[in-house]
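*Asks:* Sequence and predicted structure, then a few things I'm wondering about:
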Amino acid sequence: LTVDRPVKTITKATKKIMKGDFSVRIKPLKAAGSEGLNQIIEAINTMAQELSGIETLKTDFISNVSHELKTPLSIIQNYGTLLQTKEITEEARIEYAKRICETSQRMADMVTNILKLNKLENQQIFPEPAEYNLSEQLCECLLQYEHIWEGAAIELETDIEEDVKVNAIEELLSLVWCNLFSNAFKFTEPGGLIKISLKTIANKAIVSVQDSGCGIAPDALEHIFDK
């Protein structure tokens, strides 16, 4: 077996990997006596695949965090600005400081949950579902956006059935509701309308979020579950 050509191919591939190109894959050799080199090639391909998964996890995490933290960071900045007002009352100062602390905690929880979601996609962890009160969770998530609907005079209609219990992963579903609510308030014009409902039908919990905003273009609807 002439090893010069396969060695050059392997060396070229490993240099690409060193530069961050984890899409590299080396084709196995078919020549007789190439079992040893094929073992090296298989190991390199496996390594590249694993590195690619780690890189995707990192990129997704950064992208998701950047997107999800915009709203809480804006809230903290706004209350921080209000705290610098000279005419602020002691009661208002305490309330604003409380809001900043609560939002900071939500940010910390959000980062943790986003990381868990990204790990889930890579099947690295498998949280156990548990029964909890979905009605209370929806109300708690909705209250995080109270300052938005009050500031924009958005009419909010809620029809949330009480004491609805579900068996799910509570902290991860919280991300789902906050994402839906965030988008609803983001794309609803001042003075607009948002409707949120929770109903049980045939042992299923049905959550609905509607808004009077611009809606989603038909061509974009085909991709709403894409990354």
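*Replies:* Perfect, I can see it now.
*Asks:* now the least confident helix or strand in the chain by mean pLDDT: how far from the chain's centre is it?
*Replies:* Ranked by mean pLDDT, DSSP states H and E, the weakest helix or strand in the chain is helix 35-68, scoring a mean of 78. Relative to its parent chain, helix 35-68 has a centroid offset of 20 Å by CA atoms, centre = their mean, to the nearest Å.
*Asks:* helix or strand right after that helix?
*Replies:* The helix or strand immediately downstream of helix 35-68 is helix 70-83, counting by DSSP states H and E.
*Asks:* List the buried residues in that following helix.
*Replies:* 71-72, 75-76, 78-79 (16 or more other CB atoms under 10 Å). C-beta coordinates here come from the backbone N, C-alpha and C atoms, glycine included.
*Asks:* can you map out the helices along this structure?
*Replies:* Here the chain has its helices, by DSSP state H, at 4-18, 35-68, 70-83, 90-121, 134-143, 146-151, 170-186, 218-221.
*Asks:* angle of the fourth one against helix 70-83?
*Replies:* When axes from the mean of the first three to the mean of the last three CA atoms, to 10 degrees is applied, the directions of helix 90-121 and helix 70-83 differ by 160 degrees.
*Asks:* helices or strands next to helix 90-121 in the packing?
*Replies:* helix 35-68, helix 70-83, helix 170-186 (3 or more CB pairs under 8 Å, 6 or more residues apart in numbering; DSSP states H and E).
*Asks:* and those helices, which is most packed in?
*Replies:* Most buried of the helices and strands packed on helix 90-121 by mean neighbour count (mean count of other CB atoms under 10 Å) is helix 170-186; its value is a mean of 18.
*Asks:* Please work out which residues outside it touch it.
*Replies:* Contacting residues not belonging to helix 170-186 are listed as 68, 71, 109-110, 113-114, 116-117, 120, 127, 130, 132, 134, 137-138, 141-142, 144-145, 148-149, 152, 154, 194, 196, 207, 209-211, 213 [CB atoms under 8 Å, 6 or more residues apart in numbering].
*Asks:* which stretches of the protein aren't confidently modelled?
*Replies:* Scanning the chain for pLDDT under 70 picks out 1-2, 53-57, 60-61, 64, 113, 116-126, 227.
*Asks:* Go ahead and name everything in contact with stretch 190-210.
*Replies:* Counting by CB under 8 Å, 6+ apart, residues outside stretch 190-210 touching it are 134-135, 138, 142, 149, 152-161, 164, 166, 177, 180-181, 184-185, 188, 211-213.
*Asks:* ok, and the closest non-adjacent residue to E128?
*Replies:* I169 (7.8 Å; CB to CB, 6 or more residues apart in numbering).
*Asks:* With distance to E90 as new columns, can the helices and strands packed on helix 90-121 be given to me in TSV?
*Replies:* Below are these laid out as TSV (distance: least, CB to CB, whole Å):
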stretch	distance to E90
helix 35-68	33
helix 70-83	12
helix 170-186	30
